[in-house]
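Q: Dropping the sequence and predicted coords here.
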Amino acid sequence: MSIIHGSWIVNAGQDYFFVWGQAWRSLVNETFSLNKSGDFIHPFSLQRSELLDRFPSHELEVGDLLNQSKWHTQLVGMPTIITESAQSKKVQPVFAGNAVENESKLDLYLWEVKGFRLTIEETISLLQILSLSALQSGTDYLAGDLRYWSHIYRWALDLIVRQKFLPGIEVKKSRKTSYRGVWQPLIDSEVDRVRLAKFTQALPEACLAYLDAEESQANTTEEGLLLRSLSLLLDARLRSWIDYNPTSYKDISIEPWLRSLSASSVLETNQSNVNRLIHALYSWTLPVSEYIVSRQNELGLNRYRVCFVLTPPMATKEDSQQPDWSLNYYLQALDNLDFIVDAGTIWQCSAEFLKIGDRTIENPQETLLKGLGLATRIYEPVRGSLDRSQPISCTLDPIQVYEFIRAKVWQLRDNGLGVILPPGLTNDNSGQRLGIKMTASVSQRQGERLSLQSMLKYKLEIAVGDRTVSKTDFKKLLAQKSPIVEIDGQWIALQPADVRAAQAVLDQSNDQLDLSVEDALRLSTGDTKTLAKLPVVKFEPTGVLAGLLDNLSDDKSVEPVNKIKDFQGELRPYQAKGVGWLSFLDTWGLGACLADDMGLGKTIQLIGFLLNLKQQKLLKKPTLLVCPTSVINNWEREVKKFAPKLKTMIHHGNQREQGKSFAKTVKDQQLVITSYSLVHRDQKTLSGIDWQGIVLDEAQNIKNPSAKQSQAVREIPAGFRIALTGTPVENRLTELWSILDFLNPGFLGNRNFFQKRFAAPIEKYGDRESLNILRSLTQPFILRRLKTDQNIIQDLPDKQEMNVFCGLSAEQAELYQQLVDNSLEEIEDADGIKRRGLILTLLLRLKQLCNHPALLDKNQAQKAIVGTEHFGDRSGKLLRLEEMLEEIVDEGDRSLIFTQFAEWGKILKPYLSQKLKEEVMFLYGATPRETRQEMVDRFQNEPNGPKIFILSLKAGGTGLNLTRANHVFHVDRWWNPAVENQATDRAFRIGQQRNVQVHKFVCTGTLEERINDIIESKKELAEQTVGAGEQWLTDLDTGSLRNLLLLDRDAIIDD
């Protein structure tokens, strides 16, 4: 794992941006004893070539930019564990991503790191390359400091777009006073004040840990460093866009200053001209001087601003004329907006300081007048009040109040002035607008199946907040002829468009709306906010509709299904909840996505759901299950194990039925299992059946909506639709759309609409509002439980062992039959030691073949390391292993893969690395001791280190501590439970914090399945009789051996 850092270095001459990187390395055999100088080059620091390589690997083309930058050595305070003894003092660096058990033991120690020293212009080029999606998705390779400054750069751009900057003159005093033109940020609006506070709080501590030879970063405050950097970015960005034309201005005296605001910042003019310019700028910027960021990187010292408080008139009779409102003047503390001082108190204080409690306000009268002077440029009524010597307020009639609220409040706030409005009149309080109160229900005839398209019965009323407004009350409001009215002590602004829409609702002159259950769901999630051109302020579902929406918004209220007739086994509590959830959505005809983590039993829950339908006599037609070819045999085994009375057939292989023959056979079935590859080829046959439902296992297989199999499953008619997947979203939100559109067609709109409405705003621009709406829309149809959930962990055993049944490919099956036939002839003619040797050789070859045909030929195996496009398709085990690892990696879990064959490990390592785009490690007998220890250290300790570790059973089956893994794969079997358990204990041992899942691969229809059945049926006996591995097999007579090795051709996974 590597991390790229970047931060500003405060320098007395010229600040610069320092970019460097670190990568985790094993320090098992390294120690650092303090010497006299105490300086060490940080062992995790990347070299120049390494750092340059990291950017292109993350699709960041910065080679040309960084190659021109200076390679520089920098002192950085890094997290370090310092241990002292009588003889020595040692330091141990801690990698940025590593968790430390006791953080109190950490110290900041100065290490030397090397990196690129960037100018301001180069820094801007770097920061703008980093995409918003990278900044907001928690990308691990970008350190917090570099990510932070990327956001600050975008804030600088936002200030420029909103014209929140002013030109100025900076004075630099040394031996000779010099002057330069500068562009300065203007932090006056409430939006920017809030941003400043949040960004100051969010500044990573690491940004203050850099030490320059001339000036210490430790003497810089968080806000100081932030504002200093913001100023540099804004100034440099503006200069690059300004092309000053000196012929544009008649006043020659300002030309040098204007020129200093473009390419070159040096102000070259005489002293008298400089003095005149500085005086003019002071007078011009005086009203906003507190909000200009100066060279000292501090905002104005005065921390108070003018605030306008809008006060309504005293209550009057309804028939009387509306009295005037009062706009009162105050000073407001910027660090506590609840602290305000009225203008009357300020005018009574003639001193330069006004003390109230523990606060002291400097020059209160001057501050008040400056703010009021700024306000006169925005709002005319304030100007008239300044004719008085000590203004404290101005009066507004209702029309002026409406104009003030709608058009002037935001302008005052945007210019750094405060405004406090009565509660009902705040622009963000939609509850105090004329709106719609909707009461809705859905009627259901006996035997009718409800769905998203079921129509609503509803009633629309006009409301303000919680109060319903009758037609009579509404006429009284209009009779006041005022845009500002009072209802039950609350003031509201009557917008003309709202008044017209409300009148139409009350007169029932609006067209009757056709609203469905889908509309009710959108209203409840907030996706739909208006009806009849008015905001929906209250939505009240009743009856079964209320029950539906309650259960959809909170799946905890769904009743679990525990007792299921014909189910052979026991459901865990969360699994019973899953069956209940599937049954509830089916009742409403809603598609469901069961997205539990791997190992939580999605298969069992689906079987339980089907048996529950059968128990209620609702399973009247067959259900189609579509899954990857590699798990067809697994599904068949699981159904036989948990639901032996569920009538099931496999639609697969060259001998599968088609057309009318298929239709006739299917009538007597309750579950039909087929593969994604056949669902397109046999679409006509499958679409001719009236299916009760269609289930997609590993539903990520339809993540590409344009793929033939994705289009085919959408065309198959079915009553209910269910998707099973551990990874509903792998890379793009359109993958989620593809699955949800299969489940509930049209609910999220078509693909283009979804891309514009949700995918682009969320993925490109980090739109949180769109993300929250999408979550609320999809949450009712997705049930996802994680292994880390506390409610789930208590239901799980510490170690889950499960068999993974895989079929043979056609190539494997043919070679298997040839091997068995040829070898049995030799075995029959042999005896004694020779016979035993032939049997053991045959067993070894068959196990290799079950892994992959390439292992039968060493030369072919070596070539296979490079891999081909269809290499994985040649092995049922490899196909399934790849699918499972893809899901495990997506979940952030780690895996150990045990094999008896070093050649197989040598193939798996590059193949899985290429397929999964992940680093894969392989430890076997020839691995040097030092390398072995380093690999273990990396797997256990490196943040974001390799997630997949392949080990040969002999070299890695004992003596290692690999508790970071929570998945263990036995891809080929030792047929010795003790040996396999010993290997499993590399992960399942003291120090393991998570549940461990053990996956034992078995090829169906082969000797692997039959030996596994023997072990499973007589486990305790097998520990004794099979404990020696394959030796017991050599004692079988030829007939028994033939029965054991017989190939069941139904297990072949040929499409």
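A: Nice, I can see it. Numbers count the residues shown, from 1 in each chain.

Q: Please count neighbours and contacts with C-alpha atoms only from this point.
A: OK.

Q: ok, the nearest residue to Ser229 once chain neighbours are set aside - contacts?
A: Once its chain neighbours are removed from consideration, Ser229 has its nearest residue in Trp8; the separation is 7.1 Å (C-alpha to C-alpha, 6 or more residues apart in numbering). By C-alpha atoms under 8 Å, 6 or more residues apart in numbering, the contact set of Trp8 is Asp15, Tyr16, Phe17, Phe18, Cys207, Ser229.

Q: is it true that the second one touches Phe116?
A: If I follow you right, that is Tyr16. No. Contact status for Tyr16 versus Phe116: not in contact, 10.0 Å apart, counting by C-alpha atoms under 8 Å.

Q: Kindly check the end-to-end length of stretch 679-690 for me.
A: Start to finish, the residues bounding stretch 679-690 are 15 Å apart (C-alpha to C-alpha, to the nearest Å).

Q: Tell me how far Leu310 lies from Lys647.
A: Looking at Leu310 against Lys647, where the rule is C-alpha to C-alpha, the gap reads 75 Å.

Q: of these two, who's got more company?
A: The residue with the greater number of neighbours, taking Leu310 and Lys647 and applying other C-alpha atoms under 10 Å, is Leu310; the counts read 23 against 15.

Q: Let's see the pLDDT reported for that one.
A: At Leu310, the predicted lDDT confidence score is 96.

Q: can you check Ser253 too?
A: Ser253 is assigned a predicted lDDT (pLDDT) of 78.

Q: Once you drop chain neighbours, what's closest to it?
A: Nearest residue to Ser253, sequence neighbours excluded (C-alpha to C-alpha, 6+ apart): Asn273, at 6.8 Å.

Q: mind checking the SS state of that neighbour?
A: Of the three states, Asn273 takes helix according to DSSP: H, G, I helix; E, B strand; the rest coil.

Q: One more: Asn944?
A: If you use three-state DSSP, then Asn944 falls in the coil class.

Q: ditto for Ile888
A: Per three-state DSSP, the local secondary structure of Ile888 is helix.

Q: next one: Gly599
A: Recorded secondary structure, Gly599: coil (three-state DSSP).

Q: residues near it, how many?
A: Residues contacting Gly599 under the criterion other C-alpha under 10 Å number 19.

Q: give the contact list for it.
A: So, once contact is read as C-alpha under 8 Å, 6+ apart, Gly599 ends up touching Gln997.

Q: for Arg757, same thing?
A: Listed by C-alpha under 8 Å, 6+ apart, the contact set of Arg757 reads Ser770.

Q: distance of it from Asp527?
A: In this structure, Arg757 and Asp527 are 11 Å apart, going by C-alpha to C-alpha.

Q: Over to Phe308?
A: When C-alpha to C-alpha is the yardstick, Phe308 and Asp527 sit 35 Å from each other.

Q: My read is that Ala1051 contacts Val1002, right?
A: No. Look at Ala1051 against Val1002 with C-alpha under 8 Å: they stay out of range, at 11.6 Å.

Q: In terms of neighbours, single out the busier of those two.
A: Looking at Ala1051 and Val1002 with other C-alpha under 10 Å, you find the greater number of neighbours at Val1002, namely 27 against 21.

Q: Give me the phi and psi for the more buried one.
A: Backbone torsions for Val1002, taken as degrees, to the nearest 10, come to phi -140, psi 130.

Q: and if you look at Ala723?
A: phi -120, psi 130.

Q: Neighbours of it, how many?
A: Other residues near Ala723 come to 25 when the count uses other C-alpha under 10 Å.

Q: What are the boundaries of the helices in the stretch 851-1000 of the chain?
A: Under the criterion DSSP state H, counting those that start in this stretch, the stretch 851-1000 of the chain contains helices at 858-864, 876-890, 902-916, 929-941, 953-956, 977-984.

Q: Just tell me which of these ends up closest to Phe539.
A: Distances from Phe539 to each of these were compared using C-alpha to C-alpha; the minimum, 39.0 Å, belongs to helix 876-890.

Q: that older thread, who has more neighbours out of Phe308 and Asp527?
A: Legend: neighbour count by other C-alpha under 10 Å for Phe308 and Asp527, higher for Phe308 (24 against 16).

Q: Which stretches in the stretch 51-200 of the chain count as helices?
A: Counting by DSSP H, counting those that start in this stretch, one finds helices in the stretch 51-200 of the chain at the ranges 63-67, 120-127, 132-136, 144-161, 190-202.

Q: what mean pLDDT does the first one have?
A: Across helix 63-67, pLDDT averages out at 74.

Q: Tabulate the CA atom coordinates of it in CSV.
A: The C-alpha atoms that make up helix 63-67 are tabulated as CSV, following Å, rounded to 0.1, in the frame of the first residue of the first chain:
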residue,chain,number,x,y,z
GLY,A,63,4.9,13.0,-14.9
ASP,A,64,5.7,16.2,-17.0
LEU,A,65,4.7,18.4,-14.1
LEU,A,66,6.7,16.7,-11.4
ASN,A,67,9.7,16.0,-13.5
